[in-house]
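Undergrad: generate coordinates for the sequence data below:
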Amino acid sequence: QVQLVESGGGLVQPGGSLRLSCAASGRTFSTNALGWFRQAPGKDREFVAAISYSGADTYYADSVKGRFSISRDNEKNTVHLQMNSLKPEDTGMYYCARNGGPFHRIGGYDFWGQGTQVTVSS
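TA: Presented below is the predicted three-dimensional model:
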């Protein structure tokens, strides 16, 4: 079993930055890809970013490329999402998830955290 706990969300003004963190416990995740997803009110959950098991490969949704950066620390079982130049449309609940394999595959996420709220508003 894997437990994922997100933190770092909050209220930020447009153009601001936030850094989300996800801490994992239980089974090690150093052999698995990890991802971030988000869900805005009234919308479907969407992919934001992912990172391969080693950290060598990263993947981003077009809407966040150049603004968000994903990283991981396998020694500490953590994954981070640095979000810069935030826009109101980035508002939503952000979820950390573990992929069942070593690389990002959109349908392969098998464990999810409870989410952390990000609100971008002036």
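Undergrad: let me see the contact set for residue 121.
TA: 11, 13-14, 88, 91 (Cβ atoms under 8 Å, 6 or more residues apart in numbering). Using the backbone N, CA and C atoms, a C-beta is placed for each residue, glycine as well.
Undergrad: one more time with 7 Å
TA: Residue 121 is in contact with 11, 88, counting by Cβ atoms under 7 Å, 6 or more residues apart in numbering.
Undergrad: before we move on, what about residue 86?
TA: Here residue 86 is in contact with 12, 14-18, 120 (criterion: Cβ under 7 Å, 6+ apart).
Undergrad: surely it is within a helix?
TA: No. Going by DSSP: H, G, I helix; E, B strand; the rest coil, the assignment for residue 86 is coil, not a helix.
Undergrad: measure the residue nearest to it when sequence neighbours are not counted to residue 15 for me?
TA: The shortest distance from residue 86 to any non-neighbouring residue, by Cβ to Cβ, 6 or more residues apart in numbering, is to residue 120 (4.6 Å). Using Cβ to Cβ, to the nearest Å, one gets 9 Å for the distance from residue 120 to residue 15.
Undergrad: okay, and the spatially most central residue of the chain sits in which element?
TA: For the chain, the residue sitting closest to the mean C-alpha position, by Cα atoms, centre = their mean, is residue 36 at 2.4 Å. With elements taken from DSSP states H and E, the one containing residue 36 is strand 34-39.
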